[in-house]
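In: Okay, here's the prediction I keep looking at, along with the sequence it came from:
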Amino acid sequence: MCPIAYRLRSSRVLVFDGDPLYSEQIVSIVDDDESIRHATDSLVRSFRRRTFVFASAEEFLQSGKLAETSCLISDIMMPGMSGIEMHERMLALGYAPPTIFITAFPAADLKAKAMANGALAVLEKPIDADAIAHWLGVAMG
């Protein structure tokens, strides 16, 4: 049996070569709060999912990674472009990955707008690991 090699392909992607249980699907995580971004990244990777992480909606949209994203986890309230605005821009560009929004400000109108635009779920921070596991399972099988 070949040992599993862990290597960084770039500063944002951890690749688990040789691990047949590690998903090839990619979860992109967008959050302006560094601690939340890294905690969410660590949680998602603990479910054996590959990740890309971004500090802003603009960074994600300019990354060239939209087509590779199998599922998006994004904060709603961020400086500059909001998560909902980013999602609308993605839809206009023809990209519609299953999207899980996370927010510390669970206003009913924001949740309604996100869901009306096709979001899979809107979850309140702090993030519940079981909820993320459930919605990732729904989104990615």
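Out: Ah, there it is.

In: so where's this protein uncertain?
Out: Scanning the chain for pLDDT under 70 picks out 1-23.

In: Strands along that one, start to end?
Out: For the chain, the strands defined by DSSP state E occupy 5-8, 14-17, 26-30, 50-54, 69-75, 99-103, 121-124.

In: so can I have JSON lines of those showing distance to M115 and mean neighbour count?
Out: Using the backbone N, CA and C atoms, a C-beta is placed for each residue, glycine as well. What follows is the strands of the chain, written out as JSON lines (distance: least, C-beta to C-beta, whole Å; neighbours: other C-beta atoms under 10 Å):
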{"stretch": "strand 5-8", "distance to M115": "36", "mean neighbour count": "10"}
{"stretch": "strand 14-17", "distance to M115": "31", "mean neighbour count": "14"}
{"stretch": "strand 26-30", "distance to M115": "18", "mean neighbour count": "25"}
{"stretch": "strand 50-54", "distance to M115": "23", "mean neighbour count": "21"}
{"stretch": "strand 69-75", "distance to M115": "14", "mean neighbour count": "24"}
{"stretch": "strand 99-103", "distance to M115": "9", "mean neighbour count": "25"}
{"stretch": "strand 121-124", "distance to M115": "7", "mean neighbour count": "18"}
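
In: Which one of those lies nearest to M140?
Out: strand 69-75 (5.5 Å; C-beta to C-beta).
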